[in-house]
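Q: Structure of the sequence below:
(one chain, ligands or ions: 1)
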Amino acid sequence: MTTLLVLIVVVLLAVALWQLTKIFDLTQVGVKVSDTQVASDNDNKVNGYLMFAFLGFIYLTTIYCFLNYGHFPLVSNSASQHGPEVDNLMIISMTIIFIAQTITQALLHYFAFKYRGREGQKALYFSDSNKLEFIWSIIPAIVLAVLILYGLYAWTNIMFVSEKDDKNAVVIELYAQQFKWTARYSGADDVLGKANVRYIEGVNNLGVDLSDPNAQDDFMSSELHIPKGTRVVFKIRSQDVLHSAYMPHFRAQMNCVPGMVTNFSFIPTVTTAEMREKPEMVEKVANINSIRAKKSADLVAKGEAALDPYTFDYLLLCNKICGASHYNMQMKIVVDTPEEYKAWLKENAPKTIVLAVKTAAAEAKASEAGATQTKDSTNAASKDTTVVAQAEMK
Ligand SMILES: [Cu+2]
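A: I've put the predicted structure just below:
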């Protein structure tokens, strides 16, 4: 609102200034004023200096942004083995863009000043210069080729790994639906059972084929636990629309496409507990909590409940706008030590999908039986009432 008001004031001030200059022109009756539409040497000189002023403005803005917003704790804090490679690519690209923009902006504005219009000066015309064209084609071509080749090399290294290349790999299914994530673990046999959208029914909302022997020990979790130092291969599916599995700290993102299984794999290198202890993270969390404390004080003053303090957790987010609650489609990721992971598996593996379906079926049967019984007893009761009523009538 304040910004809008400031904008309106600026626009009104500009209009007022413009009107004032018009009035000033009218008062200059009798004084010889140049009314030519052709720019004079003086006009060109002023514009030339203004170009330099604009260059200064660009550089000052860049320096200001670097000082105030140049601290990216995420671009040095990756938590997967391939993370530093992705960060490196990002840093190299940004450095090249920064250098190229600094030099080309300086040249652009300098030449605009140097060749500003002067009386009697004619522009030099030449149709082409092979030397110039060679220089400005070959330099970007080489730089781009190096960047693209490096990018392709990194992409191949990261993407072309499957569970077959790594005997110890853990295979986990990530299932996306509007608007939540579910993880499916393969259980003791290390093989995920088949699944299809046609099998979705009741508690089996991932559509697991319950007749598949490999599916017998599969279990679901609403929290993604992964072990540090082991390759995790994600098999990603979607139930409804396009989603995107985005795990920013692990530099991982893959589309979730209905009707097909997509893959991504990485090796986590920092456990949740270790990440929480990193100095950058401690600073970040303290910063968030100081903001929360201020907000909480306001809330408490209004008689509302205070906010909970924030603790760091890795997150799996959706990075495709998939509907109204897309912003809130997330799942907590916990990177455990191998021992903690084993303990978590031991605790959760018995809660298989097959068991959940059987339990739900038994419960449904029991409640159905209960409902029939109540219906019978209600009928009996109403019969009794009729009998009583008839008896009373007699
Ligand atoms: Cu989504």
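
Q: When you work out contacts or count neighbours from here on, use the C-alpha atoms and nothing else.
A: Fine.

Q: contacting residues around the most centrally placed residue in the chain?
A: The centroid of the chain falls nearest to residue 319 when counting by CA atoms, centre = their mean (4.7 Å). By CA atoms under 8 Å, 6 or more residues apart in numbering, the contact list for residue 319 reads 243-246.

Q: Against the ion, how distant is it?
A: Per CA to the ion, to the nearest Å, residue 319 is found 7 Å from the ion.

Q: now do residue 249
A: Residue 249 sits 18 Å away from the ion when distances are taken as CA to the ion.

Q: helix/strand/coil for that residue?
A: Taken by DSSP: H, G, I helix; E, B strand; the rest coil, the conformation at residue 249 corresponds to helix.

Q: residues near it, how many?
A: Neighbour count of residue 249, defined by other CA atoms under 10 Å: 19.

Q: That one contacts residue 314, doesn't it?
A: Yes. Under the criterion of CA atoms under 8 Å, residue 249 makes contact with residue 314 at 7.0 Å.

Q: In this structure residue 85 contacts residue 152, no?
A: No. With contact defined as CA under 8 Å, residue 85 and residue 152 do not form a contacting pair (11.8 Å).

Q: between the two, which one's more packed in?
A: Ranked by neighbour count (other CA under 10 Å), residue 85 and residue 152 place residue 85 first, with 19 against 12.

Q: Which of the helices or strands spans the more buried one?
A: Using DSSP states H and E, residue 85 maps to helix 83-114.

Q: Buried ones in that helix, by neighbour count?
A: Residues of helix 83-114 classed as buried by neighbour count (16 or more other CA atoms under 10 Å): 83-87, 89, 106, 109-110, 112-113.

Q: low pLDDT regions in this structure?
A: The model of the chain has pLDDT under 70 over residues 28-35, 71-76, 162-165, 371-394.

Q: residue boundaries of the strands in it?
A: All strands of the chain, identified by DSSP state E, fall at 170-177, 180-185, 219-221, 224-227, 232-238, 243-247, 252-256, 262-266, 314-318, 330-336.

Q: near the ion, which residues of this structure?
A: Neighbours of the ion within the chain, by CA under 5 Å from the ion: 243, 318, 322.

Q: one step back: report the angle between the helix holding residue 85 and strand 262-266.
A: 100 degrees (axes from the mean of the first three to the mean of the last three CA atoms, to 10 degrees).

Q: correct me, but residue 321 touches residue 245?
A: No. Using CA under 8 Å, residue 321 is not in contact with residue 245, being 11.7 Å away.

Q: so who does residue 82 touch?
A: 158, 251, 266-267.

Q: For the protein, which segments count as helices?
A: 2-27, 41-69, 83-114, 130-159, 272-277, 279-301, 338-348, 353-393 (DSSP state H).

Q: in the first one, what's buried?
A: Along helix 2-27, no position meets the burial threshold by neighbour count (16+ other CA under 10 Å).

Q: what does stretch 128-143 contact?
A: Nothing outside stretch 128-143 qualifies as a contact, by CA under 8 Å, 6+ apart.

Q: try stretch 150-158
A: Under CA under 8 Å, 6+ apart, the answer for stretch 150-158 is 82, 85-86, 89, 265-266.
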